[in-house]
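Peer 1: need the 3D shape of this:
(2 chains)
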Amino acid sequence: MSDPTVAEAWVAAPLRKLMEDARLISGVLLYPTGRAVGQFGFTNAADVMSICALTSAINASARELGRQLDGKPFYEMHHAGADRQVFMARASAGSQELLFVGVFDRESSLGVVEMYFTEFQKALEKLRPEAPVAPKPVPSGDFEGELNRSLDALFGPIGKR
Amino acid sequence: MKDLGQVVGALSRVPGVTVAMIVGAADGLIVEASQVPGSLTDVDTRKHTAALGAYLYSKVTRASNAARLGVPAFMRLEAELGHICVVGAGELVLVAIVTPDANLGRVRLDMMNAAREAA
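Peer 2: Just a heads-up that it's a prediction; the model follows:
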């Protein structure tokens, strides 16, 4: 199992622990804007880009769906496929919100993933930098630019990937 | 099939059992739980015990199958301050947290009976 690659160093240790303890096959930690913060299990930047875009969109849809159906946003989602399962949830570090999406198979279970995700959240809260990591100023709504910058941080600039 | 609430209710009245739970075998999530009043087990402890109990049982099942022993009938984990007992019931597993001084024979018998009722 390969080590996580991260754009922000403080998430590396909790992400590795979550990956190992919960026996996840792959996972991505990202901001709700779609900017990737860390990943493991992927070697292709395009895969991470797709996952970030989809997770960001799913999170926005699930929140609105939750608001309309239940009066409050849905923060956690689980989808069980035939062989593999997807777990998606919100994590917070102070005022900063993060999203996590992880994939696991029969070597783990939803209960185990949820349990270690709770520990992961606590670790993020504990390790978060005092001053939030300020993203470089970007034009508002520059979704594609945000994605590309975070992928450069994880996999290196295009041409060197 | 008996009501699962009744099954865990009856199990939690066995002397020495502090928490009785019915858990999904595949996902490790609690289906029904019953706790002896006054015991100090909180929600997180119950959830974590359920998840790890089911996970452990699935690994034990693999080991048992690998040894060509068939499905494990009863699993007991002895720890410093008590026991975790697990019995499979089809797609469910029964998980109980038991005090160190409990009558384990009685706990085992009642859990096996409860598993038959829950399956």
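
Peer 1: give me the three-state assignment for the closest residue to chain A within chain B.
Peer 2: Residue of chain B nearest chain A, by CB to the nearest CB: residue B:28 (2.6 Å). For every residue, glycine as well, the C-beta is placed using N, CA and C. Secondary structure, DSSP: H, G, I helix; E, B strand; the rest coil: residue B:28 is coil.

Peer 1: contacting residues for it?
Peer 2: A:109-112, B:50-55 (CB atoms under 8 Å, 6 or more residues apart in numbering or on different chains).

Peer 1: tell me the pLDDT at it?
Peer 2: With respect to pLDDT, residue B:28 has a value of 95.

Peer 1: got phi/psi on the nearest residue to residue A:128 once chain neighbours are set aside?
Peer 2: Spatial nearest neighbour of residue A:128, chain neighbours left out: residue A:93 (3.8 Å); criterion: CB to CB, 6 or more residues apart in numbering or on different chains. Backbone geometry at residue A:93, expressed as degrees, to the nearest 10, gives phi -130, psi 100.

Peer 1: narrow the contacts of residue B:28 to those in helices?
Peer 2: Residues of the contacts of residue B:28 located in helices (DSSP state H): A:110-112, B:50-55.

Peer 1: out of the residues you listed, which two sit at the greatest distance?
Peer 2: A:110 and B:53 (14.1 Å; CB to CB).

Peer 1: what sits against the residue sitting nearest the centre point of chain A?
Peer 2: Central residue of chain A (CA atoms, centre = their mean): residue A:29, 2.0 Å from the mean position. By CB under 8 Å, 6+ apart, the contact list for residue A:29 reads A:11, A:15, A:36-39, A:91, A:98-100.

Peer 1: model confidence for the residue nearest to residue A:128, exactly?
Peer 2: 88.

Peer 1: that one touches residue A:123, doesn't it?
Peer 2: No. Counting by CB atoms under 8 Å, residue A:123 is not a contact partner of residue A:93; they are 9.4 Å apart.

Peer 1: picking up where we left off before, in JSON lines: the ones in helices among the contacts of residue B:28, plus neighbour count.
Peer 2: As requested, the ones in helices among the contacts of residue B:28 are exported to JSON lines (neighbours: other CB atoms under 10 Å in any protein chain shown):
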{"residue": "A:110", "neighbour count": "18"}
{"residue": "A:111", "neighbour count": "24"}
{"residue": "A:112", "neighbour count": "22"}
{"residue": "B:50", "neighbour count": "26"}
{"residue": "B:51", "neighbour count": "26"}
{"residue": "B:52", "neighbour count": "19"}
{"residue": "B:53", "neighbour count": "24"}
{"residue": "B:54", "neighbour count": "26"}
{"residue": "B:55", "neighbour count": "21"}
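
Peer 1: pLDDT and distance to residue B:102 for those residues - can I get that in JSON lines?
Peer 2: Converted to JSON lines, the ones in helices among the contacts of residue B:28 look like this (pLDDT from 0 to 100; distance: CB to CB, whole Å):
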{"residue": "A:110", "pLDDT": "96", "distance to residue B:102": "30"}
{"residue": "A:111", "pLDDT": "95", "distance to residue B:102": "25"}
{"residue": "A:112", "pLDDT": "96", "distance to residue B:102": "27"}
{"residue": "B:50", "pLDDT": "95", "distance to residue B:102": "19"}
{"residue": "B:51", "pLDDT": "95", "distance to residue B:102": "23"}
{"residue": "B:52", "pLDDT": "95", "distance to residue B:102": "20"}
{"residue": "B:53", "pLDDT": "95", "distance to residue B:102": "17"}
{"residue": "B:54", "pLDDT": "95", "distance to residue B:102": "21"}
{"residue": "B:55", "pLDDT": "95", "distance to residue B:102": "23"}
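
Peer 1: mind putting the residues you listed into JSON lines with distance to residue B:9?
Peer 2: Shown next, in JSON lines, are the ones in helices among the contacts of residue B:28 (distance: CB to CB, whole Å):
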{"residue": "A:110", "distance to residue B:9": "25"}
{"residue": "A:111", "distance to residue B:9": "22"}
{"residue": "A:112", "distance to residue B:9": "27"}
{"residue": "B:50", "distance to residue B:9": "17"}
{"residue": "B:51", "distance to residue B:9": "22"}
{"residue": "B:52", "distance to residue B:9": "23"}
{"residue": "B:53", "distance to residue B:9": "19"}
{"residue": "B:54", "distance to residue B:9": "20"}
{"residue": "B:55", "distance to residue B:9": "25"}
